[in-house]
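*Asks:* give me a model of this one.
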Amino acid sequence: MVVMTLPGGEVSGRISGEGDIGILLAHGAGTNQDHPFMVGLRHALADAGHMAMTFNYAYTERGSKRPDPTTKLVEVHRAAADFLRERVDVLFLAGKSMGGRMATYLAAEDYPAAGVVLYGYPLHPSGKPDSLRVAHFPDVRVPLLFIQGTRDALSRMELFDRHIRTLPNATVELLEGADHSFRGGGWKPESVIEKLATATSKWVEVVSSGGSIETRP
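*Replies:* I've put the predicted structure just below:
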């Protein structure tokens, strides 16, 4: 376990693997870094030859289930990114749901990351498709990889196709029949982790080497 000191206290992180490419994994709103999904993905990315790091947001660290304001979440996210960036040559930001959203906010501030990977981007709150979370994307200049379930209640596919797939720097991988938690459509936890780790590893290696990114139709 590693510890990062913030103005308001400390948060913990966990690192697996070694490598020149670092991948920072941020958890979703209802979980923490020790959730089986986060642990499994961290280990899978480490097995693929990368240094993968998870961390807790401050509210999670103090045992609360209510997320902090966005500014505080981004502050913690930045501290974790700074910690990992000092240990690798190339840094990628990644996250599940809320964690991925915070990563895009950090990237929109021109944080020095090579790209952002989003596992189930929450395009809008559940039942509120008019409240789109896209205003900051024109300020995100690095490549983006979206891995999305086609039955995600927080990202209606017609809205995803209109507002996300059309981004010039977006690559899209779909999990057919999967919901926001990547359940359904025949997907099992093990197959989801394998799919996400494989897609992520291939993509970050291409981006970090300066290769061209294949976007899905």
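*Asks:* where are the low-confidence patches of this structure?
*Replies:* For the chain, the stretches with pLDDT under 70 are 211-217.
*Asks:* give the buried residues for the helix or strand hosting Leu84.
*Replies:* Element membership of Leu84 [criterion: DSSP states H and E] is helix 70-85. By 16 or more other Cβ atoms under 10 Å, the buried positions in helix 70-85 come out as 73-81, 83-85. Backbone N, C-alpha and C define where each C-beta goes, glycine included.
*Asks:* take it, keep the C-alpha atoms, and write them as PDB.
*Replies:* Below are the C-alpha coordinates for helix 70-85, written out as PDB (Å, rounded to 0.1, in the frame of the first residue of the first chain):
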ATOM      1  CA  THR A  70     -16.100  17.500  -8.100                       C
ATOM      2  CA  THR A  71     -13.300  19.900  -7.200                       C
ATOM      3  CA  LYS A  72     -12.300  17.700  -4.300                       C
ATOM      4  CA  LEU A  73     -12.500  14.500  -6.300                       C
ATOM      5  CA  VAL A  74     -10.300  16.000  -9.000                       C
ATOM      6  CA  GLU A  75      -7.800  17.300  -6.400                       C
ATOM      7  CA  VAL A  76      -7.400  13.700  -5.100                       C
ATOM      8  CA  HIS A  77      -7.200  12.300  -8.600                       C
ATOM      9  CA  ARG A  78      -4.500  14.800  -9.500                       C
ATOM     10  CA  ALA A  79      -2.500  13.800  -6.400                       C
ATOM     11  CA  ALA A  80      -2.700  10.100  -7.300                       C
ATOM     12  CA  ALA A  81      -1.700  10.800 -10.900                       C
ATOM     13  CA  ASP A  82       1.300  12.900  -9.700                       C
ATOM     14  CA  PHE A  83       2.400  10.000  -7.500                       C
ATOM     15  CA  LEU A  84       2.300   7.400 -10.300                       C
ATOM     16  CA  ARG A  85       3.700   9.800 -13.000                       C
END
